[in-house]
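A.B. asks: What follows is a predicted structure for the sequence shown.
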Amino acid sequence: MDYDVMVVGAGIAGMEAAVSLGDMGYRVLLVEKEPSIGGKMILLSKVFPTLDCASCISTPKMAQAASHANIDLRVFSEVREVRRDGAGGFRVRVARKPAFVDFAKCTGCQDCEKACTVTVPDEYNENLVSRRVAHIAFPQAVPKKAVLDRAGTSPCTFACPAGIKANGYISLIRQGEFERAFQLVLDDAPLVGTLGRACYAPCQRECTREEIGEAPHIRHLKRFVADWYYERHPEPEYGAPEKRLDKRVAIVGSGPAGLSAAYFLARRGYPVTVFEADPEPGGMLRSSLPDYRLPKEVVDRDIRNVTALGVEIRVNAPVDSLAGLREQGFAAVLAAIGTPKPKKLLVPGEELEGVVSGIEFLAEVLCGQKLDLAGKRVAVIGGGNVAIDAARTALRLGAAEVVLQYRRSRAEMPASPEELAAAEAEGVELSLLSNPVAFEGEAGRLRRVRSVRMKPAEAGADGRRRTVPVAGSEAAEAFDLAVVAIGLSAEAAALRRDLPLARDGSIQADPCTLQADRPWLFAAGDAVTGPAMIVQAMGLGKRAAFHMDRWLRGEALDGAEFEPRLPVVDKDEVLARQTEYPARSVTKGERLPQERIKDFDEVELPFSADEAVASAANCLNCGICSECRECQRVCPADAIDFDQRERIDEYAVSSVVVATGFRLFPAELMETFGYGKYPNVITAMQMDRLVAPTRPYNYVLRPGDGKAPANIAYVFCTGSRDRTKNNPICSRVCCMYSLKQAQLLLGALPVADVTIYHIDIRAFGKGYDEFFEQTKAMGVRFVKGKVARISEAGNGNLKVRYEDIDAGGAVQEAEHDLVVLSVGIVAHDECRGLFADAELQLDETLFVAQPGKQVDPARTSIPGVFSAGTATGPLDIPDSILSAGAAAAQAAAYIERMKRKP
Amino acid sequence: MSEFKPRILVFSTDNVSDPGIDLAGRNKMHYPASVFVVSLPCSSGVKPRWIVRAIDRGFDGVFIAADGSDCSLVPDCTRRTAATVAAAQALLKERSLEPARVKMAAVCSVCAESFQKHMAAFSEALRKLGPSQRGPAGSVAGRG
């Protein structure tokens, strides 16, 4: 046996049972699902009827349980399964939930808490105040270890092919930490400015906030931090890494994939040489993205993020043999050669002067060739982003009319909807369901484009709906220039002798490791995927770098998890979490269409710092943790571990003590009391926090407006002794804790009036009735009568409607400025599903049943499983501790009997 | 010459007095900035020579925020800690320093207010005693 007993739950009863058994010499496994032991008692103000400080008397017990030589404590852990071993004992499975903090390293210094950029309601203060996502449960927590709340990966971050933590940098921007936001993006992608302008932002489409009100402008925020940083740092702040490895790496192509791979390999210390066929690095960023979307100074500055690491970029250096590079002494080679070859329509007349491909047209303009299209009619054929770029560029060159011709419908256009909208706003005309069949010219020059109307047909093999020509619909229209932008393909023909190519000319590489058929050869970017987004190419460059590094270090490529991420968060869960939405509308500025088509200056206007912060503030932090990684940056013990995952441990134990405690009745179920609707209707547990020594405001204030309450009402039996709420039983503690609070309130707020609305007062324990009499003598008003309804008067005050029994049952109404609901206790039925092969019987109110309550109180329906504390029903603290003692004694007897069994 | 602000070293315990002292900070309760807190598992582990060394190195007083009867590690924590304090006081006397420079009191996990009062009173008492180092001014500046 690993342990003599497992105690489930480390509230006051579980701790007491564990310490008793430990003191008897038994080996105890104490499992607690929260990050700290102490249960509900540690969060209380005082205990009745002695008014001892709850926290002062529980901390020693907590310390004792945590430091006991015979107790192994597992906090932030859940029992997943208990199975009988056939010999009287049990096999248990215990899950350690990921805290994303290495408890062995965490010193409890709380630096992470100070650095954390996301706040959430503080459940340990009954949501009266907020806490950080990286947090230590409460000041008296044992063990004092930090925990990060992570619901999963935020949809925006999950959508990013380059693994950029969108939620993280938004969170940093919200805090005004612009430099940190830039650095966080830079950690995942070197071309921050480029992405901030020209990324098609798959993150934005996934944003949960898009569904309710205004989402942060994610890409534009990235542009803001890039601009902010580059303005202050014209050159990167870093140089080549000190560690220089001896294996050299060659990268062919300096587009986004090649640059990204170069950046990550150089950061690991590899000497990297990039070969670029063109006179300047950047690939498509430089040769086909128009200046009005991406100014080339931004590309230059972005590339310096790569070259600052010591990466050498050789321009005008076409490579015709990859194996040749290997012979030159490069240990590994990455082919990131993109898709520079335009696809052809294959219709008559395509060779005419005046018919050009989209990327040739864009490259000519970007190389500075002066094209004057004044008064000309331009047809752009295609529905992708290159087509849109070409059309908008043609307008800026003075074209009188630009028609974008696409053979399918608008909905099927692969272009980004934002780009399409911008093009239409600038005056680009659409000709949908139309396809050229011939270019007609005179004297070798284009004059007309002959087109045919198309109609939708059934889906093709790729699932996209095909279109077919409409018979007899051909017509010719006069055009001076036709730009064909119907797709791109790889031009790897020169490399054919080095590596096998797919039929479409793309390079074949393992989709996961990006290794090609030669172990030293890897491939990334559009050359592998076909034309894709910049951010996708950068992600692949990073992926290739990760696996190249492993290969170069002689490690296996299989089974290496590249950028492990938590599953994406469910949007409905995020929406259910929200109670209100700060709606700050921030419009992304743009130059007016009629102005912007006059030149190639940027269309989008930058955010001001205030606008950036306001836009970022619309983020809902879907993942709860934004992954801004500030905690990781500041942790002096290097204890933060984002890759931590749940771990299941199995143990053999002789017996089990269930001390899983209770739940408070959810007060919002009393619809007529307005809890959750009226801010000044609170629960008694909230009031206990307000009067506790560790109280949130350090004063008793009502939450609605921060006023010190002068006239407080208690509504007894909220959710207990109430058949309509399926909780007919008396919760035993509500009368007494409310009397306790009334006394404490009279001490804290000497001029306040306290009124208690009750059915009757149950003060049955030792010294309890005296406590009741004392409370009466102190001036608390007792009204015998059931409250029926609470409604809001003006000023946040509340009208309490009740049946005044002592006045003959008349219905009365009274006004109070704070109403406290004395909520009842209900069962936690989580322990029910734990037992795999035996039924833990529950009573009719779902508490653990006690088949021998009179003579054998801790016995449950399963031999060897005992119950302690409020798992069996409502108990006050002294009774909980007594029941824990009984459970410990009965468990000990069981363990002894097992030991003696032959 | 600036006003004398007694430098106080506090030994506190991880689970009991530390949260109490922490709470004073969280609740923004003022106590002198010249109070330095070092935490350890149990107050009975403090050695008399540590206290003397602290005074030698420029602290004007040492305060032990003891667990008292709340100690979960040793049942006679209070007696042991008291013996430590007595031994340290004897050592100080040998060096012609006032035994009142060492003080102990139980501080519980939420005793923020009591800690604040202890610090105010101890600081005032030490101010009356004057600096522990009577040598040339500034000789221990910046230590501790």
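C.D. replies: Sure thing, it's come through.

A.B. asks: what residue of chain A is the furthest out?
C.D. replies: Residue farthest from the centre of chain A, counting by Cα atoms, centre = their mean, is A:Ala443 at 62.3 Å.

A.B. asks: any idea how far it lies from A:Ser55?
C.D. replies: As judged by Cβ to Cβ, to the nearest Å, A:Ala443 and A:Ser55 stand 95 Å apart. Every residue, glycine included, has its C-beta placed from N, CA and C.

A.B. asks: do B:Ala66 as well
C.D. replies: B:Ala66 is 17 Å from A:Ser55, by Cβ to Cβ.

A.B. asks: same check, this time on A:Tyr263
C.D. replies: 52 Å.

A.B. asks: Which one's more surrounded, those two?
C.D. replies: Neighbours were counted for A:Tyr263 and for A:Ser55 using other Cβ atoms under 10 Å in any protein chain shown; A:Ser55 has more, 29 against 25.

A.B. asks: So which elements touch the worst-scoring helix or strand of chain B on mean pLDDT?
C.D. replies: One helix or strand of chain B scores below all others by mean pLDDT, DSSP states H and E: helix B:17-26, with a mean of 87. Contact analysis of helix B:17-26 by 3 or more Cβ pairs under 8 Å, 6 or more residues apart in numbering or on different chains; DSSP states H and E lists strand B:8-13, strand B:35-40, strand B:61-66, helix B:112-129 as its packing neighbours.

A.B. asks: Which positions in it come out as buried?
C.D. replies: Within helix B:17-26, the residues scored as buried using 16 or more other Cβ atoms under 10 Å in any protein chain shown are B:17-24.

A.B. asks: quick one: low-confidence parts of the chain?
C.D. replies: With no chain named, the answer covers chain A. For chain A, the stretches flagged by pLDDT under 70 are A:492-494, A:496-497, A:581-583, A:902.

A.B. asks: wait, chain B
C.D. replies: In chain B, residues with pLDDT under 70: B:1-2, B:134-144.

A.B. asks: Spell out which residues of it are next to chain A.
C.D. replies: Residues of chain B lying close to chain A (Cβ under 8 Å from any Cβ of the partner chain) are B:14-16, B:19, B:22-23, B:26-28, B:41, B:67, B:69-73, B:108-112.

A.B. asks: Counting neighbours, which of those residues end up buried?
C.D. replies: Among those, those scoring as buried are B:14-16, B:19, B:22-23, B:27, B:67, B:70-73, B:108-112 (criterion: 16+ other Cβ under 10 Å).

A.B. asks: And whatever helix or strand A:Asp187 lives in, what does it pack against?
C.D. replies: Following DSSP states H and E, the helix or strand that holds A:Asp187 is helix A:178-188. Helices and strands touching helix A:178-188, by 3+ Cβ pairs under 8 Å, 6+ apart, are helix A:166-174, helix A:192-198, helix A:218-232.

A.B. asks: Tell me which of the ones you listed sits nearest to A:Thr157.
C.D. replies: helix A:166-174 (5.1 Å; Cβ to Cβ).

A.B. asks: Pick the one among the buried residues of helix B:17-26 closest to A:Ala537.
C.D. replies: B:Asp22 (50.0 Å).

A.B. asks: Can you tell me how far that closest one is from B:Ser114?
C.D. replies: 14 Å.

A.B. asks: What of A:Pro693?
C.D. replies: Counting by Cβ to Cβ - A:Pro693 and B:Ser114 are separated by 10 Å.

A.B. asks: and these two? which has more neighbours close in?
C.D. replies: Per other Cβ under 10 Å, whichever of A:Pro693 and B:Ser114 has more neighbours is A:Pro693, with 22 against 16.

A.B. asks: isn't the more buried one right up against B:Leu23?
C.D. replies: Yes. Using Cβ atoms under 8 Å, A:Pro693 is in contact with B:Leu23, at 7.0 Å.

A.B. asks: who touches both of those two?
C.D. replies: Listed as contacting both A:Pro693 and B:Leu23 by Cβ atoms under 8 Å, 6 or more residues apart in numbering or on different chains are B:110, B:112.

A.B. asks: Would you confirm that A:Lys707 belongs to a helix?
C.D. replies: No. According to DSSP: H, G, I helix; E, B strand; the rest coil, A:Lys707 belongs to no helix; its state is coil.

A.B. asks: who's in contact with A:Glu210?
C.D. replies: Counted by Cβ under 8 Å, 6+ apart, A:Glu210 has contacts A:Gln204.

A.B. asks: Assign it to helix, strand or coil.
C.D. replies: At A:Glu210 the chain is in helix, as set by three-state DSSP.

A.B. asks: That one and A:Leu186, how far apart?
C.D. replies: For A:Glu210, the distance to A:Leu186 - Cβ to Cβ - is 26 Å.

A.B. asks: A:Lys165 now?
C.D. replies: A:Lys165 is 11 Å from A:Leu186, by Cβ to Cβ.

A.B. asks: which of those two has more neighbours?
C.D. replies: In this view A:Lys165 and A:Leu186 are compared by other Cβ under 10 Å, and A:Lys165 has more residues nearby, 24 against 21.

A.B. asks: Isn't that one up against A:Gln632?
C.D. replies: No. With contact defined as Cβ under 8 Å, A:Lys165 does not count as touching A:Gln632 (11.5 Å).

A.B. asks: Centre-most residue in chain B?
C.D. replies: B:Phe63 (1.6 Å).

A.B. asks: what bridges to the nearest residue to that one once chain neighbours are set aside?
C.D. replies: Among residues not flanking B:Phe63 along the chain, B:Val10 sits closest, at 4.7 Å (Cβ to Cβ, 6 or more residues apart in numbering or on different chains). For B:Val10, the beta-bridge partners are B:Val37, B:Phe63 (DSSP bridges).

A.B. asks: B:Val10: how many residues sit nearby?
C.D. replies: Neighbours around B:Val10, by other Cβ under 10 Å: 25.

A.B. asks: The residue lying closest to A:Val586 once chain neighbours are set aside: what secondary structure?
C.D. replies: Distances taken as Cβ to Cβ, 6+ apart place A:Ser615 nearest to A:Val586, at 4.1 Å, with adjacent residues excluded. Put simply, A:Ser615 is helix when judged by three-state DSSP.

A.B. asks: Verify the stated contact: A:Ser615 with A:Ala609.
C.D. replies: No. A:Ser615 sits out of contact with A:Ala609 when judged by Cβ under 8 Å, with a separation of 10.9 Å.

A.B. asks: Compare those two (neighbour count), which wins?
C.D. replies: A:Ser615 (26 against 12).

A.B. asks: dump the residue contacts of the more buried one.
C.D. replies: Neighbours of A:Ser615 in contact, by Cβ under 8 Å, 6+ apart: A:216-217, A:220-221, A:584, A:586, A:607.

A.B. asks: do you know how far B:Ala65 is from B:Cys111?
C.D. replies: From B:Ala65 to B:Cys111 the distance is 8 Å (Cβ to Cβ).

A.B. asks: Could you list which residues are in contact with A:Lys707?
C.D. replies: Counting by Cβ under 8 Å, 6+ apart, A:Lys707 makes contact with A:701, A:796, A:817.

A.B. asks: Buried only: go through these for me.
C.D. replies: A:701, A:796, A:817.

A.B. asks: Throw these into CSV and include secondary structure and distance to chain B, thanks.
C.D. replies: As requested, the buried ones among the contacts of A:Lys707 are exported to CSV (DSSP: H, G, I helix; E, B strand; the rest coil; distance: Cβ to the nearest Cβ, whole Å):
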residue, secondary structure, distance to chain B
A:Leu701, coil, 14
A:Gly796, helix, 26
A:Asp817, coil, 25
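
A.B. asks: What is the nearest of those to A:Arg900?
C.D. replies: A:Leu701 (60.3 Å).

A.B. asks: Looks like that closest one contacts A:Ala708 (just checking).
C.D. replies: Yes. A:Leu701 lies in contact with A:Ala708 (Cβ under 8 Å); the separation is 6.0 Å.

A.B. asks: nearest residue to A:Arg801 other than its sequence neighbours?
C.D. replies: Per Cβ to Cβ, 6+ apart, closest to A:Arg801 is A:Arg789, 4.5 Å.

A.B. asks: And for the one you found, the neighbour number?
C.D. replies: Neighbour tally, A:Arg789, other Cβ under 10 Å: 15.
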